[in-house]
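Participant: Model the structure of this input:
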Amino acid sequence: EEDEQHRQQTPEVPAKVKSAFEAFDYQSNNTVDIREIGTIIYSLGCFPSQADVHEFVAEVEEGQTGVVHFNKFLPAMTKPEDINCCFQVLDKEKKGYLESEELTKYMTQEGEVLSQEEMEEMLTALADREDNRIYYKDLIRQLTVEPDM
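Facilitator: As a prediction, the model looks like this:
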């Protein structure tokens with residue numbers, strides 16, 4: 001029952017994406033440096049390869065300015081198929097979830113290497129408290145819910 005309440009308290013996705021973005025918007029002008037994009041995406045529970053991050057940046061960067069505007073970032077970040085494929089790349093056995101250890105191994109050895117502290121923060125946010133697995137289908141649902149109009 002407590003789990004149900006916990007789920008309902010999850011903020012709407014655009015709000016999640018916005019707060020992740022704002023954490024790196026040092027000038028408070030709705031833009032972030034393109035070098036922060038990978039970190040923002042990871043903090044949202046998405047783990048693209050370096051190549052995918054570069055592709056994503058190319059799609060959302062404002063010209064050749066080295067910055068990304070939130071209005072471009074949000075729609076690009078909330079496409080369900082993009083989020084889903086991030087996880088499926090790691091879920092080779094198609095289990096529908098990832099073990100925390102698998103994710104930690106991937107995130108601390110490949111791609112943008114995260115520190116142990118960053119990794120723990122991410123797992124606290126993403127992993128199920130009971131069995132320490134990341135059920136990404138639930139995450140994707142949370143990240144792609146259309147706000148009620």
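Participant: Quick check: the residue nearest the centre of the chain vs Gln64, distance?
Facilitator: Nearest residue to the geometric centre of the chain (CA atoms, centre = their mean): Leu44, 2.3 Å. As judged by CB to CB, to the nearest Å, Leu44 and Gln64 stand 26 Å apart. C-beta coordinates here come from the backbone N, C-alpha and C atoms, glycine included.
Participant: try Leu139
Facilitator: 33 Å.
Participant: Among these two, which residue is more densely surrounded?
Facilitator: For the pair Leu139 and Gln64, the greater number of neighbours falls to Leu139 (23 against 5), based on other CB atoms under 10 Å.
Participant: Which residue, other than its chain neighbours, is closest to the more buried one?
Facilitator: Nearest in space to Leu139, with sequence neighbours left out and distances taken as CB to CB, 6 or more residues apart in numbering, is Gly45 at 5.1 Å.
Participant: Does that neighbour belong to a helix, a strand or coil?
Facilitator: coil (DSSP: H, G, I helix; E, B strand; the rest coil).
Participant: so who does Lys94 touch?
Facilitator: Gln88 (CB atoms under 8 Å, 6 or more residues apart in numbering).
Participant: Look at it and give its secondary structure.
Facilitator: With three-state DSSP as the criterion, Lys94 reads coil.
Participant: For Thr39, see how far away it is.
Facilitator: Lys94 is 28 Å from Thr39, by CB to CB.
Participant: just Cys46 next, same as before
Facilitator: The value you get for Cys46 to Thr39, if CB to CB is used, is 11 Å.
Participant: So between these two, which is more surrounded?
Facilitator: Just comparing Cys46 and Thr39: by other CB under 10 Å the higher neighbour count belongs to Cys46, 23 against 17.
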